[in-house]
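Student: Provided below for reference: sequence and predicted model.
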Amino acid sequence: MPVSENRFKTAIKQGKPQIGLWLDMGEAITAEIAGTAGFDWLVIDGEHGPNDLRSIIDQLRALSTSSAEPVVRVPTGESWIIKQMLDAGARTLLVPMVDSAEQAQALVAAMHYPPRGIRGMGAVVARASGFNTIEDYSQTASDGVCLLVQAETRAAIADLDNILKTDGIDGVFIGPADLAADMGYLGRIDEKEVQDVIETAIRKIVAAGKAAGILTFNETFNKRYLELGASFVAVGADVTEFSSALKSLCARYKGGEATKASSY
């Protein structure tokens with residue numbers, strides 16, 4: 001029995017827009033609620049969210065019946081943590097701060113079993129193989145995994161052409177906040193120079209036959225990126241949506257105007 005189809009991976013390869021949400025609360029119950037909202041993909045954030053291996057597994061379990069694809073953002077692109085997340089049952093990984101083709105190649109190797117890669121043979125005791133109930137797991141695992149790398153520095157943009165040539169990279173995600181900061185525009189992703197770099201990068205990614213992705217809380221920007229061909233676009237985060245909803249509710253009864261979320 002082979003692994004089940006990764007419908008998110010199939011969709012972005014076909015250029016079908018996938019709308020996503022960031023999960024930064026680190027709680028299975030909020031992930032489960034988000035999984036009923038209709039999003040195509042949900043990022044369990046191990047970089048900035050208060051997560052560890054066990055909390056990520058709990059959220060993967062909570063999303064096991066959702067139609068949304070759980071995407072785990074690892075805190076760093078180290079092979080050992082990629083191995084742990086894959087064994088835990090994550091199929092789609094988002095790796096931050098990938099600045100070069102050499103880094104991208106190392107990440108591809110970490111995603112796959114030998115001879116293609118270096119992933120350790122431990123899934124027989126792990127959740128990924130249904131605890132050894134998926135008989136052909138090791139032979140078919142590569143079909144189901146999806147690797148997304150984040151280009152969010154000037155160095156990454158400079159080496160983007162080579163990153164895009166890396167076989168095994170399914171998508172490149174532009175990190176607008178970090179990119180803007182690295183360009184000298186801390187907290188100002190709306191600067192024309194930043195937006196020009198982002199739009200050029202999206203066009204380049206799409207032209208190379210890879211999937212382009214991004215996250216902002218700005219609806220105008222997000223719709224523009226979708227027009228340019230970005231196929232996985234995240235439009236918000238659980239923390240900011242929860243905070244905004246509570247402030248709005250309170251303001252309706254106590255007077256005043258609710259504080260608006262950042263345009264990140």
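Tutor: Happy to help now that I have it.
Student: From here on, just use CA atoms for contacts and neighbour counts.
Tutor: Fine.
Student: The chain: strands as residue ranges?
Tutor: Using DSSP state E, the strands of the chain run over 18-23, 41-45, 69-73, 92-95, 146-151, 171-174, 211-215, 232-237.
Student: Let's see the fourth one as CSV, backbone CA atoms only.
Tutor: What follows is strand 92-95 as a C-alpha-only set of coordinates in CSV (Å, rounded to 0.1, in the frame of the first residue of the first chain):
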residue,chain,number,x,y,z
THR,A,92,5.0,19.2,3.6
LEU,A,93,7.8,21.2,5.2
LEU,A,94,8.6,24.9,4.9
VAL,A,95,12.2,25.8,5.6
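Student: distance of the residue nearest the centre of the chain from residue 68?
Tutor: With distances taken as Cα atoms, centre = their mean, residue 94 lies nearest the centre of the chain, 4.3 Å away. Distance of residue 94 to residue 68, given as Cα to Cα, to the nearest Å: 15 Å.
Student: got it, and residue 181?
Tutor: Using Cα to Cα, residue 181 is found at 31 Å from residue 68.
Student: and these two? which has more neighbours close in?
Tutor: Neighbour count, other Cα atoms under 10 Å: between residue 181 and residue 68, residue 68 has more, with 24 against 17.
Student: residue ranges with poor pLDDT in this protein?
Tutor: Residue ranges of the chain with pLDDT under 70: 256-264.
Student: for it, what spans make up the helices?
Tutor: Secondary structure of the chain (DSSP state H): helices at 7-13, 28-34, 53-62, 79-87, 101-111, 137-144, 154-158, 160-164, 176-182, 192-207, 219-227, 238-254.
Student: Save those as JSON lines, and put in distance to residue 40 too.
Tutor: Shown next, in JSON lines, are the helices of the chain (distance: least, Cα to Cα, whole Å):
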{"stretch": "helix 7-13", "distance to residue 40": "7"}
{"stretch": "helix 28-34", "distance to residue 40": "11"}
{"stretch": "helix 53-62", "distance to residue 40": "15"}
{"stretch": "helix 79-87", "distance to residue 40": "20"}
{"stretch": "helix 101-111", "distance to residue 40": "22"}
{"stretch": "helix 137-144", "distance to residue 40": "16"}
{"stretch": "helix 154-158", "distance to residue 40": "27"}
{"stretch": "helix 160-164", "distance to residue 40": "24"}
{"stretch": "helix 176-182", "distance to residue 40": "21"}
{"stretch": "helix 192-207", "distance to residue 40": "20"}
{"stretch": "helix 219-227", "distance to residue 40": "14"}
{"stretch": "helix 238-254", "distance to residue 40": "15"}
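Student: for those helices, which one sits closest to residue 126?
Tutor: The closest of the helices of the chain to residue 126 is helix 79-87. By Cα to Cα, the value is 5.4 Å.
Student: Report the contact partners of residue 128.
Tutor: Residues counted as contacts of residue 128 (Cα atoms under 8 Å, 6 or more residues apart in numbering) are 86, 87, 88, 89, 90.
Student: Widest-spaced pair of the residues you listed?
Tutor: Spanning the widest gap among those are 87 and 90, at 7.3 Å by Cα to Cα.
Student: The closest residue to residue 111 other than its chain neighbours - how many residues pack around it?
Tutor: Nearest residue to residue 111 in three dimensions, chain neighbours excluded: residue 119, at 6.2 Å (Cα to Cα, 6 or more residues apart in numbering). Look at residue 119: counted by other Cα under 10 Å, it has 22 neighbours.
Student: measure residue 119 to residue 147 for me?
Tutor: Counting by Cα to Cα, the gap from residue 119 to residue 147 is 14 Å.
Student: and what of residue 163?
Tutor: Following Cα to Cα, the distance that separates residue 163 from residue 147 is 12 Å.
Student: same thing with residue 101?
Tutor: Residue 101 sits 14 Å away from residue 147, going by Cα to Cα.
Student: and the closest residue to residue 121 other than its chain neighbours, what does it touch?
Tutor: What sits nearest to residue 121 in space, not counting adjacent residues and going by Cα to Cα, 6+ apart, is residue 113, at 7.3 Å. With contact set as Cα under 8 Å, 6+ apart, residue 113 has these partners: 119, 120, 121, 138, 142.
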